[in-house]
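Engineer: From the sequence below, what's the structure:
(one chain, ligands or ions: 1)
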Amino acid sequence: MKRVAILISGRGSNMAALIEAAKAENFPAEIAIVISNKSDAEGLEKAKAAGISTLVIESKSFGKDRAAFEAKLQSALDDNGIELICLAGFMRLFTAEFVQRWQGRMLNIHPSLLPSFPGLDPHGQALRTGVKISGATVHFVIAETDAGPIIMQGAVAVLGDDTAETLAARVLDVEHRIYPDALRLVATGGTQLDGDICRTSANASPDDALISPAVI
Ligand code: GAR
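Structural biologist: Predicted coordinates for the structure are as follows:
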């Protein structure tokens, strides 16, 4: 049973999906704590309501001193015996040192099929580019933002009348499915880092093709 910390900055819907999945008796990870860098993050109330302990380490007060913020974060992780970190809408960058320390043990979710559309407004980027398929990616965190060995991806068709909001909502459903599955895979030792590549013990069905648009 791996002890997991979820780091949030806002709404916490992915956090809630992880908490819900971890309730299952055979789930290989336990959500030990939810840590927010913002005291007004909506997700904090959801975590408390689910009986998970919460901690706020307000990053604003550290200004540009990222190392000092991370020292406080690291001691909280140590105090709680944390083995894996899940970033779930955590909107603060880490130093290379912190990332290195958690290499292969820190996961992030991003609402695009990486390496397409990292950073802000991924759905706007997808719509402006005209891709016909988008989705979400769970990956191990490296120093570069929204990059790193890919653990799992889920895809959705982009519709002709999609707005950033409607696309975001469909991708969010996929996020809530793949993040718990990816955590399960990592926590059971089903992933292996091979340079920049994450190898997994799981396989997609070779018949699972998503074609968009469909021509009838
Ligand atoms: C999610 O869509 C997540 O993929 C995204 O922020 C949202 C947080 O929502 N993360 C990133 O864009 C990371 N670059 P949530 O707080 O409801 O999980």
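Engineer: show me the contacts for the residue of the chain found nearest the ligand.
Structural biologist: When scored by C-beta to the nearest ligand atom, the chain has Gly89 as its residue closest to the ligand, at 2.7 Å. Any C-beta I mention is one placed from the backbone N, CA and C, and that applies to glycine too. Neighbour list for Gly89: 8-15, 43 [criterion: C-beta atoms under 8 Å, 6 or more residues apart in numbering].
Engineer: repeat that for 10 Å
Structural biologist: 6-15, 36, 41-43, 108-111, 175 (C-beta atoms under 10 Å, 6 or more residues apart in numbering).
Engineer: Contact residues of the protein facing the ligand?
Structural biologist: Residues of the chain lying close to the ligand by C-beta under 6 Å from any ligand atom are 8, 10-14, 43, 88-89, 109-111, 146, 172, 175.
Engineer: And for Phe117, the neighbour number?
Structural biologist: Counted by other C-beta atoms under 10 Å, the residues lying close to Phe117 total 22.
Engineer: can you check Ser61 too?
Structural biologist: The burial count for Ser61: 9, using other C-beta under 10 Å.
Engineer: Surely it forms part of a helix?
Structural biologist: Yes: counting by DSSP: H, G, I helix; E, B strand; the rest coil, Ser61 is located in a helix.
Engineer: Give me the pLDDT value at it.
Structural biologist: The model reports Ser61 with a pLDDT of 91.
Engineer: Also Ala143?
Structural biologist: pLDDT, Ala143: 95.
Engineer: Need the buried ones from the contacts of Gly89 selected in PyMOL.
Structural biologist: Command for PyMOL, covering only those of the contacts of Gly89 found buried under the criterion 16 or more other C-beta atoms under 10 Å:
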select buried, resi 6+7+8+9+10+12+13+14+15+36+41+42+43+108+109+110+111+175
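Engineer: Out of the contacts of Gly89, list just those in helices.
Structural biologist: Counting by DSSP state H, the contacts of Gly89 place 13-15, 43, 175 in helices.
Engineer: Which two among these are spaced furthest apart?
Structural biologist: Gly43 and Glu175 (14.0 Å; C-beta to C-beta).
Engineer: what is in contact with those two at once?
Structural biologist: What both Gly43 and Glu175 touch, as defined by C-beta under 10 Å, 6+ apart, is the set 13-14, 88-89.
Engineer: Cys86 pairs with what?
Structural biologist: Ile6, Leu107 (DSSP bridges).
Engineer: My read is that it contacts Ala32, right?
Structural biologist: No: counting by C-beta atoms under 10 Å, Ala32 is not a contact partner of Cys86; they are 11.1 Å apart.
Engineer: what about the helices in the protein?
Structural biologist: 13-22, 43-49, 66-79, 96-101, 122-129, 164-187.
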